[in-house]
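# Sharing a model that was predicted from the sequence below.
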Amino acid sequence: MIVLENVGKTYHTRTGIVKALRDINLSIEKGRFLVVCGPSGSGKTTLLMIVAAMLRPTNGVVSIEQRNLYKMSVHERARLRADNIGFIFQMFHLIPYLNVIENVVLAGGAAGKSKNAAYAEGLLSQLGLTERAFHKPAQLSAGEKQRVAIARAMFNRPKIILADEPTGNLDPDNAAAALGYLSEFHRIGGTVILATHELQAHKFADEVIYLRDGAIQAH
Amino acid sequence: MMTLGLIFKEIRHRKVNFLLSTLAVVTAVALFISFFAAAGASERETARLMLSMGFNVHILSKGADINEFLLTGLADRTMPEDYLHKLASQQAVSYNHLLASLQKKILWRGLEAILTGLAPEICPPGGKKSPISYQIEPGSLYVGYRIAQALGLKNGDIVEIEGKSLKVARCLSESGGVDDIRLQCHLRDAQDILKLPGQVSEIRAVDCLCFAPAGDPVSVLRKEIESLLPDVQVFHTQNIASARAQTRQMVRSMFAVIMPLVVIACGVWTGVLAMINVRDRHEEIGIMRALGYGSGRIMSLFLGKAAVIGVLGGAVGFLAGTVLAAKFGPDVFKITAQAVIKPQPSLLAVSVVFAPLFVAVASFIPTTIAVTYDPAVTLREE
């Protein structure tokens, strides 16, 4: 279970103080599919980063399986990410000098699973990327890049997938396919937190929250 | 994926950055190697050039009248020839090129002349050098310009001095100095002529280039020689010695200034390129941190790359420096050219060990920045 209690985040910028999140209280049961909606700048990405143990909140407590994330050391948080959390980003963030299968296997390096190439090949097969296994990211379409990112996110068999606008750069068909893969992960018991503008994502969600100006407007 | 695999794949992807970084190291190492060779060659060259200024250490019998010696250049007392061999048998001393002579003013065929008997020049053990003075065979005579002109002597003539028959081996060209009235022969012949067997009037030497810059060469020399030979006195020709020391010091100072500047410039060059590399890779660093890679693994990617650049740059730089020294050294250092072009394999080991350390130090700040990149900041920037 993921729990956020009174979580707030304030950025000090050159133009002044920006309150990205305000007193967020949220409980996400294991195996749930949560969609976080809201306009740009509403705090969706900040919320995902905080849940991912990558961004310390200004106030409040974040825990996963009753472990307070920000009482852990940096090393422990990195280990927790490697073992439990998969990431998918709008911009894919693939390593340009690694081919498709190497990008997928890269995720295992941090979790001590670097040799499990057969599993990576299986994932690529499920995602229809077998023919692209030895291509570099620059040789792939946007939809293919996002599928590689999904394979990378799933490689460590995470319990949670955090997806930040994963369909933002995709055409409708590829967007639907990407959401389908997340739905499949959810169907087999994974927890998904998806930040998106995409209305069609709502149909996969167990729960939808709306963020505006860093605060939850409605469930 | 292994760290080394990631390093080589990244190098292949960003070839220009890698090649420019390696070029910086190659430049630093090549200049270091060629400067190192040039510094050694320059000292050798300076030593050889300074030798042409002549002997600068004079060893006389303790009883010799120093005023007379300074006035005439001739010692009025002699000392045993064995002293020469005693000096020559010492190890690790501050003098070289020992030349014993027996000199006396004589009247020969109505002309005033200086008879000079020269022993073969010898060096202490380990100090074997090419002689800088005449090596005269027994029975031979070198005749000064004025005497040869006055008496109409020519090579091959047989002459007699005090009943000793000698063959004119060379009539010397005009020197404009005392050598023009000198009759030079082997020490044995001079001892026979002057009836001073086993005696010499002076031992001349050259001080070594091994004094500490701050040391006092005269006191070091005197201490060394007088501890061996208590009944001698030692003189040091200051102007020659100073010229030698100052020239040597000037060359050392020049390299001491230039080399650090080259190293610093190449270090900054490498550091800037490492910084550019870190900026190019901030997204990659961010995603790796997001995937759970720790600081140590991120650091190993950058330091590993620094090591690859250092080893390659060190090896290529050594070759380039050696080739530079071999190609241009002989033109600069004409006298000691053969010594200049000798490659020094020990420097290869030094290059491939210290160059990676050099790159690692130059890349330290960029690597630290890479390690402390906040992945949340990087990934939020999208």
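That came through, no problem. Numbers count the residues shown, from 1 in each chain, chains lettered A, B, ... in the order given.
# OK, now which residue of chain A is nearest to chain B?
Per CB to the nearest CB, A:Ala82 is where chain A lies closest to chain B, at 2.6 Å. All C-beta spots, glycine's among them, are computed from the backbone N, C-alpha and C.
# hey, where'd the strands end up in the chain?
Using chain A here. A:2-13, A:16-28, A:33-37, A:59-64, A:67-68, A:85-89, A:160-164, A:191-195, A:207-212, A:215-218 (DSSP state E).
# Let me rephrase: I mean chain B.
Under DSSP E, chain B gives strands at B:57-61, B:79-80, B:95-108, B:111-118, B:140-143, B:158-161, B:164-171, B:182-186, B:199-200, B:202-207, B:232-236.
# what's in contact with the last one?
By CB atoms under 8 Å, 6 or more residues apart in numbering or on different chains, the list of residues contacting strand B:232-236 from outside reads B:56-62, B:64, B:66, B:79, B:83, B:207, B:217-218, B:221-222, B:225-226.
# now that strand against strand B:57-61, angle please.
Compare the direction of strand B:232-236 with that of strand B:57-61 by axes from the mean of the first three to the mean of the last three CA atoms, to 10 degrees and you get 160 degrees.
# Strand B:232-236 pairs with which strands?
strand B:57-61 (antiparallel) (DSSP bridges).
# so B:Val371 sits right up against B:Leu301, yeah?
No - in this structure, B:Val371 is not within contact of B:Leu301 by CB atoms under 8 Å, at 9.9 Å.
# quick one, which of the two is more surrounded?
Using other CB atoms under 10 Å in any protein chain shown, the more surrounded residue of B:Val371 and B:Leu301 is B:Leu301, with 22 against 18.
# List the contacts of the more buried one.
Per CB under 8 Å, 6+ apart, neighbours of B:Leu301: B:Thr3, B:Leu6, B:Ile7, B:Glu10.
# what pLDDT does the first one get?
As predicted, B:Thr3 sits at a pLDDT of 85.
# Please tell me how far the closest residue in space to it that isn't next to it in sequence sits from B:Leu312.
Excluding the flanking residues, the one nearest B:Thr3 by CB to CB, 6 or more residues apart in numbering or on different chains is B:Ser300, at 5.1 Å. To B:Leu312, B:Ser300 is 18 Å away according to CB to CB, to the nearest Å.
# Just the buried positions in the worst-scoring helix or strand of chain A on mean pLDDT, please.
Least confident element among the helices and strands of chain A, by mean pLDDT, DSSP states H and E: strand A:215-218 (a mean of 84). Using 16 or more other CB atoms under 10 Å in any protein chain shown as the test for burial, strand A:215-218 gives A:Ala215, A:Ile216.
# now stretch A:133-141
Applying 16+ other CB under 10 Å to stretch A:133-141 flags A:Ala133, A:Lys136, A:Pro137, A:Leu140 as buried.
# Turn these into TSV, columns for pLDDT and distance to chain B.
Converted to TSV, these look like this (pLDDT from 0 to 100; distance: CB to the nearest CB, whole Å):
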residue	pLDDT	distance to chain B
A:Ala133	92	15
A:Lys136	95	9
A:Pro137	95	11
A:Leu140	94	16
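# ok, which pair from the residues you listed is furthest apart?
A:Ala133 and A:Pro137 (12.5 Å; CB to CB).
# list the residues that contact both of these two?
A:Val100.
# if we look at stretch A:49-66, which residues are touching it?
A:1-10, A:21, A:23-24, A:46, A:68-70, A:72, A:77, A:80-81, A:84-85, A:87, A:160, A:162, A:193, B:289-290, B:374-376, B:379-380.
# what about it, distance to the chain center?
14 Å (CA atoms, centre = their mean, to the nearest Å).
# give me the residue from the stretch 1-150 of chain B nearest chain A.
B:His13 (3.3 Å).
# Contacts only, for that residue.
A:Pro96, A:Tyr97.
# now swap in A:Asp213 and tell me
Contacts of A:Asp213 (CB under 8 Å, 6+ apart): A:Lys19, A:Arg22, A:Ser42, A:Gly43.
# For the residues you listed, which entry has the maximal number of neighbours?
Neighbour-wise, the contacts of A:Asp213 (other CB under 10 Å) top out at A:Gly43, 26 neighbours.
# wait, isn't that residue in contact with A:Thr10?
No - A:Gly43 lies out of contact with A:Thr10 (CB under 8 Å); the separation is 11.1 Å.
# so what's in contact with these two at the same time?
Joint contacts of A:Gly43 and A:Thr10 (CB under 8 Å, 6+ apart) are A:Ala20.
# Low-confidence stretches in the stretch 51-200 of chain B?
For the stretch 51-200 of chain B, the stretches with pLDDT under 70 are B:51-54, B:92, B:126-133.
# Then the stretch 251-382 of chain B?
B:333-342, B:380-382.
# now with 90?
B:251-298, B:321-354, B:358-382 (pLDDT under 90).
# Would you mind listing what in it touches chain A?
By CB under 8 Å from any CB of the partner chain, the residues of the stretch 251-382 of chain B that approach chain A are B:283-284, B:286-295, B:297, B:374-376, B:379-380, B:382.
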